[in-house]
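Trainee: The following block contains a protein sequence and its predicted model.
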Amino acid sequence: MVAPYIERLGRLHHALCPRQVLGVRVAVCAARALDIPFPQNDKRTLILSEIDGCFADGLMVVSNCSVGHRTLRVVDVGKIAATVIDTQRHQAVRVWPRPGTRVAACVYAEGQANRWHAQRLGYARMPDTELLSLQRVPVPAAAAPLLVGWDTRTLCTRCGEEVFYDRHVVVDGLHVCRGCASKDEIPDAAG
């Protein structure tokens with residue numbers, strides 16, 4: 001299950017690590033649960049990763065979702081988990097490793113010299129039912145900025161800069177960028 005992605009992961013990292021393997025497994029599990037094709041060639045699927053780093057790269061190599069394509073977003077809450085969204089059917093699943101998975105993985109990697117290698121191999125070998133938890137969830141609010149048209153833009157009435165993808169806010173009836181809006185919330189240190 002992980003083997004088809006090893007070469008692409010190798011181009012991103014000097015070594016295959018346990019979190020990359022988890023990213024691969026999470027993406028494959030979510031695609032199967034939503035009955036969506038990976039790797040995607042369009043923008044049908046969005047992924048919200050709850051952590052950055054190697055895990056997100058594992059998600060990316062399977063799905064072909066990326067930050068550059070606006071189909072992968074990191075909502076960093078420090079958890080190895082991802083919500084995968086089918087934008088055509090407005091369905092989503094959240095997938096994460098089961099509690100105790102790090103220890104359980106070692107059973108699937110007898111003879112490995114250290115825990116890191118045992119986890120990496122165990123994550124690749126474990127059945128989904130022992131490795132992962134999956135829950136159908138509503139499409140999260142954090143996905144909203146990714147669901148708007150790619151060409152939407154507004155001018156900030158304060159600084160004059162363009163704000164893309166409906167990421168502006170309305171303050172006193174005016175469209176302003178978040179940077180200008182946050183200046184209103186910060187009290188003047190001199191005052």
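Mentor: Thanks, I have it. Model, not experiment: these values are computed from the prediction.

Trainee: Every contact and neighbour count from this point should use C-alpha atoms.
Mentor: OK.

Trainee: thinking residue 57 is in contact with residue 23, fair?
Mentor: Yes. Using C-alpha atoms under 8 Å, residue 57 is in contact with residue 23, at 7.0 Å.

Trainee: Mutual contacts of those two, please.
Mentor: Counting by C-alpha atoms under 8 Å, 6 or more residues apart in numbering, no residue touches both residue 57 and residue 23.

Trainee: And these two? Which one has more around it.
Mentor: Between residue 57 and residue 23, counted using other C-alpha atoms under 10 Å, the more crowded position is residue 23 (28 against 24).

Trainee: tell me the mean pLDDT for the host helix or strand of that one?
Mentor: Per DSSP states H and E: residue 23 is located in helix 18-34. Throughout helix 18-34, pLDDT has a mean value of 97.

Trainee: Stretch 168-180 too?
Mentor: Model confidence over stretch 168-180, given as mean pLDDT, is 89.

Trainee: buried sites along that stretch?
Mentor: By neighbour count on 16 or more other C-alpha atoms under 10 Å, the buried set for stretch 168-180 is 168-169, 175-177, 180.

Trainee: Name the residues that touch the worst-scoring helix or strand of the chain on mean pLDDT?
Mentor: Lowest mean confidence among the helices and strands of the chain (mean pLDDT, DSSP states H and E): helix 144-147, at a mean of 72. For helix 144-147, the surrounding residues in contact (C-alpha under 8 Å, 6+ apart) are 46, 70-71, 87, 165-167.
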